[in-house]
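>>> would you be able to build a 3D model of this:
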Amino acid sequence: MKAPAVFQNLTLLLAASLGLSATSSLRAEENWPQFRGIHGTGHSEATGLPVTWDAGAVAWKATVKGIGQSSVVNWGDKLFLTSAKADGSLRWIHCLDRLTGKLLWEREVAVTTSETPHQMNSFATASCATDGERVIAFFGPGGLHCFDLDGNPQWQRQVGDFPGPWGVAASPIIDGELVIQNCDAEGPSSLVALNKKTGEPVWTTPRKDSPRGGWSTPIVIDTGERRELILNGEFGVNAYDPATGTDLWFCEGFTGRGAPTPDFAHGLLYVVNGKPGNNYVVKPGGSGDVTKTHRVWDARRQGGRDLPSPAVVGDYLLISSMSGILTTYDAKTGEIYFTERLNAPVSGAPLVIEGLVYFQMENGEVIVVRPGKTLDIVARNTFGADPSEEIFRAALSPIQGQLFTRSQSVVYCIGK
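Residues are numbered from 1 along each chain as shown. Okay, the predicted model is just below:
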């Protein structure tokens, strides 16, 4: 018997809504469009990604000219990353085919007044950002450069000289119609927003002069009452209105070098300093100096300096030092559960997939940890790279069921 029209309509609407939900979910995980993904915190909603592998699981690897430390981002089957000549006079943005690693296009940017990066930094550390129509690369004194996805130049804009012996590393992000860039430098510093279509300035917010510079990439969070642009820095963590650049609140840090990007979980921001000193947790949504009112807890941090970003998984907060000393805390109280060595240096920010934390080590090994009160290493994986020739300082990128990473000059694809 034929169903009444009203039920047919309801069935069609339900099918359409389910299809839309499935498509939206797929699309959300289809692209890893900026440093550490859509939210900038390294958390992926993907399922079924590789947990264990060896060199035999490398689907392809591709060598790009120059050296760099930017992470792989994508839109569809186009991968984007940057590199630079050894002296920084030339920078490149590369577009590779996701399926084969073939170079689709490459664009060159000449830089006449170069910065002087630290030996652990590079002239191409900032990752690209894309919205599916354009891809944007940041090269410090070489400026911000925008191309369409076929490599046609759209605009370029200078945003600072970036003096000092450290170099730059903060990646651009795209938020709505804006490109937002952290321009902390040794001396006068700022946070800037440009129109993503034209490169014209929309707002500029001065930041406190820094003795060293800044390398943290901003993230945008939703507190439930408003959106806040969060930026870790030399003196602590700030929140801004992403539409106007208005300074909303500031929480003082314990030491300097605010390079790690905070994680956002349980309605709280988990913040780590680049120099030795307590890590701390801040409740967003305040106004002015919230150091005494919105700092929820702080805890002694183990390990040395120049840390990767923290990762919160459920009730656990995981923080590794650059030397590979991993500490796990109770995310709600700051109680330390353990401090153990991973036995290799780690520079790249961690990736969280299906409750597991992936640490990309400098020697090319990827250590997968299951968070808990004791150290539980699920896997130690390799790309087959020679650690005497390749250094891995980029973050892992999960894209369409595969994992991508890069050493200074070689891009790797793991998975079918």
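>>> just the helices in this structure please.
Residue ranges of the helices in the chain, as given by DSSP state H, are 5-30.
>>> let me see the contact set for the nearest residue to E225 once chain neighbours are set aside.
Nearest in space to E225, with sequence neighbours left out and distances taken as CB to CB, 6 or more residues apart in numbering, is G285 at 6.2 Å. C-beta here means a position set from N, CA and C on the backbone, and glycine is covered the same way. Taking CB atoms under 8 Å, 6 or more residues apart in numbering as the criterion, G285 is in contact with T223, E225, R226, E228, H294.
>>> same question, E390
For E390, the contacting residues are G364, S407, Q408, S409, V410, taking CB under 8 Å, 6+ apart as the criterion.
>>> need the max-distance pair from those residues.
By the measure CB to CB, these have their two most distant members at G364 and S409, which lie 12.8 Å apart.
>>> these two: which is more packed in?
Neighbour comparison, G364 and S409: the larger count goes to G364, with 23 against 16 (by other CB atoms under 10 Å).
>>> can I assume that one is in contact with A394?
No - using CB atoms under 8 Å, G364 makes no contact with A394, being 11.2 Å away.
>>> who touches both of these two?
Taking CB under 8 Å, 6+ apart as the contact definition, G364 and A394 share the neighbouring residues S407.
>>> returning to that earlier point: which one of the contacts of E390 sits closest to I180?
Relative to I180, the closest of the contacts of E390 is Q408; by CB to CB it sits at 27.0 Å.
>>> what's the neighbour count on that closest one?
Residues near Q408, counting by other CB under 10 Å, number 18.
>>> against K275, how distant is the closest residue to Q156 other than its chain neighbours?
With sequence-adjacent residues excluded and distances taken as CB to CB, 6+ apart, Q156 is closest to H145, at 4.7 Å. Counting by CB to CB, to the nearest Å, the separation of H145 from K275 is 32 Å.
>>> among the contacts of G285, name the buried ones.
For the contacts of G285, a neighbour count by 16 or more other CB atoms under 10 Å gives the buried set as E228, H294.
>>> ok, now which ones touch V352?
V352 touches G42, H43, S44, A311, V313, Y358, counting by CB under 8 Å, 6+ apart.
>>> that one: what's its closest spatial neighbour, skipping adjacent residues?
Ranked by CB to CB, 6+ apart and with sequence neighbours excluded, the top spatial neighbour of V352 is H43, at 4.7 Å.
>>> contacts for stretch 141-155, please.
Contacts for stretch 141-155 (CB under 8 Å, 6+ apart): 75, 78, 91, 93, 95, 104-107, 109-111, 113-115, 130, 132-139, 156-162, 172, 179, 181, 194, 196-199.
>>> just the buried ones from the residues you listed?
Buried positions within the contacts of stretch 141-155, assessed by neighbour count (16+ other CB under 10 Å), are 75, 78, 91, 93, 95, 104, 107, 109, 111, 114-115, 130, 134-139, 156-157, 159-160, 162, 172, 179, 181, 194, 196, 199.
>>> S44 is in contact with I353, correct?
Yes - the criterion here is CB under 8 Å, and I353 meets it with S44 at 4.9 Å.
>>> tell me, what's touching those two both at once?
With contacts defined as CB under 8 Å, 6+ apart, the residues shared by I353 and S44 are P398.
>>> give me the below-cutoff pLDDT ranges for this protein.
Low-confidence regions of the chain, defined by pLDDT under 70, span residues 1-29, 256, 258, 302-306.
>>> please redo it, this time with the cut-off set to 50
1-28 (pLDDT under 50).
>>> before we move on, the earlier item: report how many residues lie close to the residue nearest to V352.
Quick note: H43 (other CB under 10 Å) scores 19 neighbours.
>>> wait, it sits on G37?
Yes - judged on CB under 8 Å, H43 makes contact with G37 at a distance of 6.9 Å.
>>> out of the contacts of G285, which is nearest to G236?
The shortest separation between G236 and any of these is 11.5 Å, and it belongs to H294 (by CB to CB).
>>> mind listing what the closest one touches?
Residues near H294 by CB under 8 Å, 6+ apart: W249, C251, V282, K283, P284, G285, G286.
>>> can you check E177 too?
If a contact means CB under 8 Å, 6+ apart, then E177 has N195, K196, K197 as its contacts.
>>> now it: how far from L194?
Applying CB to CB to E177 and L194 gives a distance of 10 Å.
>>> go on, L342?
Plainly put, L342 is 39 Å away from L194 if you go by CB to CB.
>>> of I353 and S44, give the one with the bigger neighbour count.
Neighbours were tallied for I353 and for S44 using other CB under 10 Å; the higher tally belongs to S44 (24 against 21).
>>> need the contact list for that one.
E29, W32, G37, L351, V352, I353, P398.
>>> kindly recompute the last result at 6 Å.
Contact analysis of S44 by CB atoms under 6 Å, 6 or more residues apart in numbering lists I353, P398.
>>> again with P206
Contacts here follow CB under 6 Å, 6+ apart; on that basis P206 touches S190.
>>> ok, now with 10 Å
Neighbouring residues of P206 by CB atoms under 10 Å, 6 or more residues apart in numbering: C183, P188, S189, S190, L191, G245, D247.
>>> which stretches of the stretch 201-350 of the chain form strands?
In order along the chain, the stretch 201-350 of the chain carries the following strands (DSSP state E, counting those that start in this stretch): 201-210, 219-222, 227-232, 236-240, 247-252, 263-265, 268-271, 279-282, 288-289, 295-299, 311-313, 316-320, 325-330, 336-341.
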